[in-house]
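Enquirer: sequence unavailable; structure follows:
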């Protein structure tokens, strides 16, 4: 979340007098109760959300390029200059690839020039017919960059729709970057915005097991702290996509809740299309008993996060934010509950309210899933494997999974709870592993998949086998002495 009081900045004039882009979408999502959405939400756990926050905010060592490192800063200036303490972007890519997202097809980089975007954004602000009170924000928006500034990137996951509305798109977004008073070396950004990143990672982990009517894009923006540069560039480079977007769920800085009232802010703005997304969010909270309350802001809203880049194009979007300001709305949050560690080196997970972080993550994930209209699980059944060791190899077999095109075979050399590495992809319901050592246990799992899209089964059971070293019999010729 940018350091700005855009909650005090009234841009209603622009939005009220702008004509929203005509929607190319087929129908209004109902966002009523759906057992598949309930199933997805139930799989989002506090431990998994917290672990992603810990990983991206430098609390724990994580594997990056074969080495164990801590991500100490996600400052955009450092993300792309090979700073060994700022390797969040390659870590992100490696983790998403390990989830099965094919690089270049369903997992892509959107590159942009920060200097070009800063210049363009400055023009946008200069044309605003309103007073700008936050000088710091304005300076960030028109920040100048050296000509030799490296290319920056957004990471984009595409999960193609399986229904008749596959050309329509639901976006779930968050900014990856962070900042602090020592941003080059220490900017943990646990709440701002590892919270949003964690929600997106959970969505990426779970959505691959389900079919949706609409296409889902999960986008990790960079350059947000420098003036929404990543989202501005994405919108600028994808003009035709804007007409097909059903809605954008932007998650930026949530989970600090010192008074434990489970209340936050939902910035909806004045676009009718945004109200669609906001209403869906409210329905998800109620339908799945998440126990949250929020300020539903159609005035006094912020323009200081990546949702604003979509508002400028008439695309419906909402921003999920902590209880940042005192809106004094009926049935809303009481007072304000700002994180005092905002944009500081102390923005750590230890100051976050994790049950609330979990519930808001579930609400965001549930909203994106509801807007995309889930069809159901990718496969009616998951594979169940058996391992045998006939001679000098291990043979894996499993019943065919209906509609599966391929099977990914994974192996561990430690335990069923150990690290599994993919060793093969086969089109048959069996696999023979010949790369083995005698008297050593091997552990296997199989996952069914559908080619040409993002659709996986859950991992199979774990099968264990060991090839015994053959017993060698030594034959000694019998010599009988004769006369």
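Expert: Okay, I see it. The shown structure was predicted, so the numbers you read here are calculated from the model rather than taken from an experiment. Numbering: from 1, shown residues only.

Enquirer: domain map for the protein?
Expert: 6-376, 386-466 (automatic domain parsing).

Enquirer: okay if I get those as JSON lines plus mean neighbour count and mean pLDDT?
Expert: Every C-beta, even on glycine, is put in place using the N, C-alpha and C of the backbone. Converted to JSON lines, the domains of the chain look like this (neighbours: other CB atoms under 10 Å; pLDDT from 0 to 100):
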{"stretch": "domain 6-376", "mean neighbour count": "20", "mean pLDDT": "89"}
{"stretch": "domain 386-466", "mean neighbour count": "16", "mean pLDDT": "96"}
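
Enquirer: nearest the geometric middle of this structure, what residue?
Expert: Central residue of the chain (CA atoms, centre = their mean): residue 200, 2.1 Å from the mean position.

Enquirer: thought it was touching residue 250?
Expert: No: contact criterion CB atoms under 8 Å: residue 200 and residue 250 do not qualify, at 10.4 Å.

Enquirer: overlap of the contact sets of the two?
Expert: Listed as contacting both residue 200 and residue 250 by CB atoms under 8 Å, 6 or more residues apart in numbering are 173-174.

Enquirer: so residue 68 sits in a strand?
Expert: Yes: using DSSP: H, G, I helix; E, B strand; the rest coil, the assignment for residue 68 is a strand.

Enquirer: how much space between the closest residue in space to it that isn't next to it in sequence and residue 54?
Expert: For residue 68, ignoring the flanking residues on the chain, the nearest one in space by CB to CB, 6 or more residues apart in numbering is residue 61 at 4.3 Å. Distance of residue 61 to residue 54, computed by CB to CB, to the nearest Å: 10 Å.

Enquirer: how near is the residue nearest to the centre of the chain to residue 179?
Expert: 19 Å.

Enquirer: can you check residue 358 too?
Expert: Taking CB to CB, one finds residue 358 at 25 Å from residue 179.

Enquirer: got it, and residue 81?
Expert: From residue 81 to residue 179 the distance is 16 Å (CB to CB).

Enquirer: ok, residue 372 next?
Expert: Distance from residue 372 to residue 179, by CB to CB: 32 Å.

Enquirer: with residue 323 instead?
Expert: Counting by CB to CB - residue 323 and residue 179 are separated by 21 Å.

Enquirer: what's next to stretch 403-420, contact-wise?
Expert: 100, 378-379, 383, 396, 398, 401, 421-429, 431, 433, 440-452, 457, 459, 462, 464.

Enquirer: beta-bridge partners for residue 217, please?
Expert: residue 158, residue 171 (DSSP bridges).

Enquirer: check which helix or strand covers the closest residue to residue 31 other than its chain neighbours.
Expert: Residue nearest to residue 31 in three dimensions, not counting chain neighbours: residue 280, with 3.8 Å by CB to CB, 6+ apart. Per DSSP states H and E, residue 280 falls inside helix 272-287.

Enquirer: contacting residues around that helix?
Expert: Contacts of helix 272-287 (CB under 8 Å, 6+ apart): 20, 23, 28-29, 31-33, 37, 246-249, 266, 268, 290-292, 294, 296, 298, 311, 314-318, 320, 363-364, 366-367, 370-371.

Enquirer: beyond that helix, next helix or strand please.
Expert: As the chain continues past helix 272-287, the following element, by DSSP H and E, is strand 293-297.

Enquirer: show me what that next one is packed against.
Expert: Strand 293-297 is packed against strand 263-267, helix 272-287, with contacts defined by 3 or more CB pairs under 8 Å, 6 or more residues apart in numbering; DSSP states H and E.

Enquirer: just want the angle from the longest one to strand 293-297.
Expert: In this structure, helix 272-287 runs at an angle of 170 degrees to strand 293-297, with axes from the mean of the first three to the mean of the last three CA atoms, to 10 degrees as the basis.

Enquirer: fine, thanks again, bye for now.
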